[in-house]
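*Asks:* here is my input; please provide its structure:
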Amino acid sequence: MTNLLLSYGQGDTSFQAAGGEPGIQALVEDFYTIMDGWPPAAEIRAMHPEDLAISKDKLARFLSGWLGGPKRYQQKYGSIRIPVAHQHLAIGYAERDAWLACMAQAVAKQDYAPTFKQYLLAQLAIPAERCRNQAP
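*Replies:* Sure thing, here's the model as predicted:
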């Protein structure tokens, strides 16, 4: 199993493991559906606009490039530095953890290999922590 985990993150292996752009789009749709209706995520949902279309587009485009696929975010929005893009929001441990919990639920719904699910959640914790800008 360790060798399988090590293969993710090489070239476009993670992008392919996520099902390419259709798989990423499904993940993003599930993520925002969960965030939109799960009471523990109400505070992070409030940080987003009422219409989630642009948020969904940005996350799907970001994940495409971040997972080794086409750099869709850069093509439309330019370069991104995750902490800077979120610095206007008060993100503490609770907000970070709520975001990760929504993502964990969304990942669980995907038809990804169990090893990729494990890898993806571990990797997503890194930018989630980098967005945290508040102490407990």
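
*Asks:* use CA for all of it now, contacts and neighbours both
*Replies:* Will do.

*Asks:* sec struct for residue 22, please.
*Replies:* helix (DSSP: H, G, I helix; E, B strand; the rest coil).

*Asks:* can you give me the pLDDT of it?
*Replies:* Here, the pLDDT recorded for residue 22 equals 98.

*Asks:* that one and residue 62: what is the separation?
*Replies:* 14 Å (C-alpha to C-alpha, to the nearest Å).

*Asks:* quick one, which of these two is more surrounded?
*Replies:* Between residue 22 and residue 62, counting by other C-alpha atoms under 10 Å, residue 62 is the more crowded of the two (22 against 11).

*Asks:* quick check: which element contains the closest residue to residue 131 other than its chain neighbours?
*Replies:* Of all residues not flanking residue 131 in the chain, residue 83 sits nearest, at 4.6 Å (C-alpha to C-alpha, 6 or more residues apart in numbering). Secondary structure from DSSP states H and E places residue 83 in helix 82-85.

*Asks:* buried sites along that helix?
*Replies:* residue 83 (16 or more other C-alpha atoms under 10 Å).

*Asks:* use 56 as the first number from now on
*Replies:* That works, and once the first residue is 56, the last one we named lands at helix 137-140.

*Asks:* what's next to the helix or strand just after that helix, contact-wise?
*Replies:* Per DSSP H and E, the first helix or strand lying C-terminal to helix 137-140 is helix 148-164. Outside helix 148-164, the residues within contact range by C-alpha atoms under 8 Å, 6 or more residues apart in numbering are 82-83, 85-86, 89-90, 95-96, 98-99, 172, 176, 179-180, 183-184, 186-187, 189-191.

*Asks:* just list what the following helix or strand past helix 148-164 packs against, helices and strands only.
*Replies:* Next helix or strand after helix 148-164 toward the C-terminus (DSSP H and E): helix 169-186. With contacts defined as 3 or more C-alpha pairs under 8 Å, 6 or more residues apart in numbering; DSSP states H and E, helix 169-186 has these neighbours: helix 57-62, helix 137-140, helix 148-164.
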